[in-house]
Every structure is written in C-alpha cells, then in structure tokens.
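After the sequence you'll find the predicted model.
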Amino acid sequence: MPVAEYEDFELEIGSDLPLGGGPQQYYGRVVRSPAGEAPKSQVKFWFSAPGELAKLRGELENAVLEIDEKNHQGPATRGEQVLRDFGRGVFRSVFTDVPSIQRIYERSKGAAQDLRIKLRIEAADLAGLPWEYLYDEDDMPGFVSLTRPIVRYLETAGGVGRMGVKGPLRILGMIADPSTSEWPKLNVVKERDRINKGIDALQHEGKVDFQWVPGGTGKDLMKKLLEGDWHIFHFIGHGGVEEALPGAGASGFVVMVDEDGKPVKKFATDLAMMLTGAKRSLRLIVLNCCESARINVGDRFGNPAIGLMKTGWLPAVVAMQFPITDNAAISMSEGFYAALAGNRPIDDAVTLARKFIQEKSRVEWGIPVLYMRSPDGRIFDVEAPQPPVPPPEAARPSKQMLQQRRDEFMEALAAGAATIEALEELTRRGQELHGLLADDSELSARLAKVYFDLGTLQHKQKQISKAAASFAYMLKLDPTKPEYFVRRANFNVTVGLYENALGDITEAIKLKPGNAEFYWIKGIVSMTAAGSDDKRGYVEEAIKAFSTAIAINGNEPKYLVSRANAFALLKDVAKAQTDMDSAIALAPDNIDLLVQKAKMVAEAA
C-alpha cells in the first residue's frame, strides 16, 4: 500500500469578545490549504454558554459509554446517532454555513489527492469537544476522520524533524496501578495482555521491540530508560485534570505510585522531566488513560497530553478523550504500531488505527486524539531490511552445485560456532540455501537449531529485538520441537510478555502432553505474571498447572513447593502447609524445605 502524501487544510477556530459587550463570538479562518487561505469569518454554533457546553460534553461521553461490543453491525445505535448528530452539526456550522471556508474546503478536496485536516482550536471552550467525530453527510463514509487524518496541531518553539531508526521500533510500556480506593483498580494482567495481543505478530517479526517497565514508580521508569534508545513511551493508568494554583488554570496529570504503592500525581512537567533523558530518541507518547485528552470547558491547555506538547521537544502525543474497551485498545495497538513500523506518518497511522477499531466498535474509533507538532507527520524514518531477490531461473545453481554448497554448510555446522558473529554468518548462508531447498526438512531442522543458539546468545547479550527475531525464525523453520517453544517462553518472560510466554508453553504441552516439567514451567510463568498482588486469575492458573505436574509425577518435591507458594498467595495456609509437608516427606534431608515451611507458618501467624 503506497504511503499517502498529505497536503494540509489548516483551520483555526477561535473566539472574540465584541467591543460593545455581549456573548463571545466564534470565528474560523483557513490558515493554509491547497486552494489558498480564507479570512476570519463568524461561525455560529447551536451552543455557546459554558453550561451548555458541559452538558453537551456529558451527553457525548454517555453516547460513547453506551457500547455493546456484540453489536457492531446492523442499525445505528442511540450512541452512534448522538455522535453523528453532533459531528454533522459542527461540520455544517464550520464547513458548510461559512461560505469562505466552504469554498476553500471543496476546492482543496479537488486539488489534493490526500488531504489532512489540521485543527488549531484557539477557543478554550471548544477545545474539549470531540472534533474527531466530524461528519460530512455529502461524503462517504461520512465520518471525516475515518478517511482523512484530523490532527490537533500545536505550534511551539523549536523544530521537529524525522529520526532515523535502524532495526525495530523500541516501545517502552508502563502500567501504574495505585493500591487505594481513590482510583479504580486496574486489571494489570489484562492491560498487559491486550497490548501484548495487539503487537504479538510485530514483536516476533522483529519489527517492534516492546518492553515493560517493571513497576509503576517514577524511579522504575527512569531506570528502564537507561537501557538504550526508546522511540515511543506507552503509559496505561489513570489521569485527570486539576486546578494547580488559584488563577493559574488547570493542569493535566497521570497517576503513578510511590514505593508503597500509593498514588502520586505526576503533572505534565514532572513526566516531561523524567523523560528528558530520552528526548534524543523519544518521538511519541501514547497515554492510555481515560482523561489524558480531556479538557475542562474553558481551559484550552488543561490535559496531560497538551502539557507534554508544550515542553517543545516532543513531536506527537496520542491520548484518549473517553474510556476505551479492551477490544478497541487491542485493535488500535495492532493497526497503529504496524503502520508506524511500516514507516507511515503518525497521522496516517492513527487513521489506520481508527479503521482497525471500527471493525470491533462503531463509536470508539473517535476516542484517540492526535496532538502533533510535526509539519508532515513523519516522526520516524524506519530503515526496513530489503527482502532478498530470488535469482532468475537461468542463474539457479545446478543440482551438483547445490549439493556441494549443502555439504559445505553441514560441515560448517559440525565444526561448531561459539560467537554471535559466527552464528549470524551461518544463518545468512543457511537462509540462502533454504531459499533454494525449501523442501529439505533436514536443512530446515539444522538451521532452526542455529537460530536457537543465536537467539540464546543474543538474549544473554540483551540484544532483545534480534533475539525475538531469531526465535521467530527458529519456530518458523521447525515448529515440532517443544523445547524451542520452552526457550522462547523463557525469553518472553524476561521481557514481560507473559501472555506470549504462556502461549508458547501451551504449544510445548500440546507437542508433549505427558511432560510434567512443562506444566511446572507453565505454573512458574503464571506466578511470575501474577507479581506481588493477588491476581487470582494467574495464581489459580498456576495451581492448576502445578496440580497437573504433580498428577503426572508425584515424586518431585519442587512441584509441591511451587503449589504451596501459590496457595500461600491466596491465603490458603492449610493447603500450603499440606503441600510443604508432602515435599518434606519426599526430601527429608533438605534443610531449605524445613526453613521455607517455618517461614510460611510464621508469616501466616
């Protein structure tokens, strides 16, 4: 699919107070477009007073929240109709009823093959409306942002250029879940899972390197930022808007936690300061909190997304103006990051993400808001590897030559390779041969083992994206070996992709269902995913896996000890102690088991 070359229809919406007094009046002007400019002209909306705007905002939010995830086909829902009526009314007020704007807009659509709408919302009381639902009843599919990017454009001091990216896009994810009743409890496991599902294919193709911050504190974030160059920061949690100082206007914040798990509000300036060390590479922040793009009526700059943009060094922020469901979030991640990894402009990526969301939800595609300073949306210049060109038939080696090259390759494998460089050279030679001998099952199996060894070394050297790609090639070449799935599961655990790890272990079990060790590993992965909190879904899955391991082999003490630890997490002390007694009976000389039981009894007292 060719990348769109957008031209800008840049529109400013502002307000003036009449010299003689009276209610404020709104205006619109075309700052720039393929068809020229348009001077300030009055715009009349059917709402004007702050009370009316606040009521309208509430009605629109209720419309979005009336989501039936099973009903994304058939007649329009009430919520969809409310959003359509709003979008139609605003579009008419600005793009139809103002002759100067209407004329330039129609000419621009005819003059430009790809048109981007850049909105400069200077009127503070209009900035909190969901402009992403603009509806043009004379166009198909009607909702403008499903076919043309709608950007909240912010012009600040300092230039913004592209950043060259060699290899995968590196994305740093973070979830902050305060342990108080002040903020609704997040399902951390589910939040991780929905992101992992959205980018699983990209991760294993080596196009994206997504890692999680191991905690929710500011220190956790800053430590993780030291591990190389990060291109995107993806935050999941709570956010909001708060009156900072009397008369100083509202300030947006996200909620992190302190060392005790208590909530800490981090205002945009705080978050920007924490991320400053990564500003040489960081080009995009995604805020997945329900009020990260919300603006109180009358306050143009009162949300964390705009606060971050005001720092002057960040090219773009994507934020949510309403809560978003799991299916919509998964679809967004899948479409959005695939487009960015494919070197598409940020606004094009958001438009594609909207289409992905629309496949699951008829209204949620308008929830993401893109704030942008980049003039053309190209914040990354991803250097994609060129696929090998197969040789023409005339240049194809003879059977004798292929056999000779194969024999030489097998001899090189037998000689052994102990370094990353040597293994990479073997994979290069092996891939060339495999392209010519795709039906050679022995070659595929031997090459898969090379990728196993290479990925293992890359993992040890913390070459995460390269290791992910190596393990993906390994399983593509030979998906019959359960130990390969176990190896990748171990890798996925270390980078926080717990659901992917569980998926790999499940595949290993399918290949060798009578292996007790695999069930034990599945339980350990589940326990790791559960963390220190009582994530009952994962802990109970761990207990099931440990129980199966014990049923297959009841003479292994570590299976009983692991299940005892899981029972202890669920505060089922009696069952935990019973398992510890059984483990001790199997290994009565193991002092560590006696110490562990004593500690467990003391903690339960």
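Everything's here; your move.

Report the beta-bridge partner residues of residue 256.
Here residue 256 sits in beta bridges with residue 264, going by DSSP bridges.

Surely it and residue 267 touch.
No. In this structure, residue 256 is not within contact of residue 267 by CB atoms under 8 Å, at 11.1 Å. For every residue, glycine as well, the C-beta is placed using N, CA and C.

Same drill for those two, tell me which one is more crowded.
With other CB atoms under 10 Å as the criterion, residue 256 and residue 267 differ in neighbour count, and residue 256 comes out ahead with 26 against 17.

pLDDT score for that one?
Predicted confidence (pLDDT) for residue 256: 92.

That one and residue 305, how far apart?
In this structure, residue 256 and residue 305 are separated by 16 Å, where distance is defined by CB to CB, to the nearest Å.

would you list every one of the helices in the stretch 501-605 of the chain?
In chain order, the stretch 501-605 of the chain shows helices spanning 516-530, 536-552, 557-569, 573-586, 591-604, with DSSP state H, counting those that start in this stretch as the criterion.

got TSV for the ones you listed, with distance to residue 339, mean pLDDT and mean neighbour count too?
Written out in TSV, the entries for the helices of the stretch 501-605 of the chain read as follows (distance: least, CB to CB, whole Å; pLDDT from 0 to 100; neighbours: other CB atoms under 10 Å):
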stretch	distance to residue 339	mean pLDDT	mean neighbour count
helix 516-530	29	92	23
helix 536-552	32	89	20
helix 557-569	40	93	23
helix 573-586	49	94	18
helix 591-604	49	86	13
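
Which one, of those helices, ends up nearest to residue 321?
helix 536-552 (29.8 Å; CB to CB).

The closest one: how far from the chain's middle?
30 Å (CA atoms, centre = their mean, to the nearest Å).

sorry, back to before: may I see the helices of the stretch 501-605 of the chain arranged in JSON lines, with distance to residue 154 as well?
Rendered in JSON lines, the data for the helices of the stretch 501-605 of the chain read as follows (distance: least, CB to CB, whole Å):
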{"stretch": "helix 516-530", "distance to residue 154": "39"}
{"stretch": "helix 536-552", "distance to residue 154": "41"}
{"stretch": "helix 557-569", "distance to residue 154": "47"}
{"stretch": "helix 573-586", "distance to residue 154": "56"}
{"stretch": "helix 591-604", "distance to residue 154": "53"}
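
Nearest to residue 47, out of those helices?
Using CB to CB as the criterion, the shortest distance between residue 47 and the helices of the stretch 501-605 of the chain is 44.8 Å, found for helix 536-552.

Report the angle between the helix or strand where residue 190 lies and helix 536-552.
Assigned by DSSP states H and E, residue 190 belongs to helix 188-204. Computed by axes from the mean of the first three to the mean of the last three CA atoms, to 10 degrees, the angle separating helix 188-204 from helix 536-552 equals 70 degrees.

and after helix 188-204, which helix or strand comes next?
strand 208-212.

still on that earlier bit, quick one: closest of the helices of the stretch 501-605 of the chain to residue 401.
Taking CB to CB as the criterion, residue 401 comes closest to helix 516-530 out of these, the separation being 43.0 Å.

So which residues make contact with that closest one?
Contacts with helix 516-530, where a contact means CB atoms under 8 Å, 6 or more residues apart in numbering, come from 189, 192, 482, 486, 489, 493, 498-499, 501-502, 505-506, 508-509, 512, 535, 538-539, 541-546, 548-550, 552-553, 556, 558-559, 562-563, 565-566, 569.

Ok, which of the helices of the stretch 501-605 of the chain comes nearest residue 377?
Comparing the helices of the stretch 501-605 of the chain against residue 377 with CB to CB, the closest turns out to be helix 516-530 (36.4 Å).

okay, and the helix or strand of the chain with the least pLDDT?
Comparing helices and strands within the chain by mean pLDDT, DSSP states H and E singles out strand 163-166 as the least confident, with a mean of 67.

Next SSE downstream of it?
Read in the C-terminal direction, the helix or strand following strand 163-166 is strand 169-175, with elements assigned using DSSP H and E.

Partner strands of that next one, with direction?
Strands that pair with strand 169-175, judged by DSSP bridges, come out as strand 208-212 (parallel), strand 232-236 (parallel).

in stretch 172-188, what counts as buried?
172-178, 183, 186, 188 (16 or more other CB atoms under 10 Å).

same check, this time on stretch 432-445
In terms of neighbour count (16+ other CB under 10 Å), stretch 432-445 has its buried residues at 433-434, 436-437, 443-444.

What about the residues you listed, which are in helices?
Filtering the buried residues of stretch 432-445 for membership in helices, criterion DSSP state H, returns 433-434, 436, 443-444.

between those, which is closest to residue 368?
Distance ranking of those against residue 368, using CB to CB, places residue 434 first at 41.1 Å.

pLDDT score assigned to the closest one?
Per-residue confidence (pLDDT) for residue 434: 84.

surely it meets residue 448?
No. Using CB under 8 Å as the test, residue 434 is too far from residue 448 to be in contact (10.1 Å).

Need the overlap of contacts for the two.
Counting by CB under 8 Å, 6+ apart, the common neighbours of residue 434 and residue 448 are residue 477.

returning to that earlier point: mind listing what's buried along the helix holding residue 190?
Under the neighbour-count rule (16+ other CB under 10 Å), helix 188-204 has 188-189, 191-200, 202-204 buried.

try stretch 370-378
Taking 16+ other CB under 10 Å as the neighbour-count basis, stretch 370-378 is seen to contain the buried residues 370-374, 376-378.

Also stretch 111-127?
Using 16+ other CB under 10 Å, the residues of stretch 111-127 that count as buried are 112, 115-121, 123-127.

Tell me the one of the residues you listed nearest residue 453?
Residue 453 has its nearest neighbour among those in residue 116, at 47.8 Å by CB to CB.

For beta bridges, what are the partners of that closest one?
Judged by DSSP bridges, the bridge partners of residue 116 are residue 8.

wait, doesn't residue 61 sit right on residue 363?
No. Using CB under 8 Å, residue 61 makes no contact with residue 363, being 11.1 Å away.

These two: who's more crowded?
When residue 61 is set against residue 363 and neighbours are counted by other CB under 10 Å, the residue ahead is residue 363, at 25 against 16.
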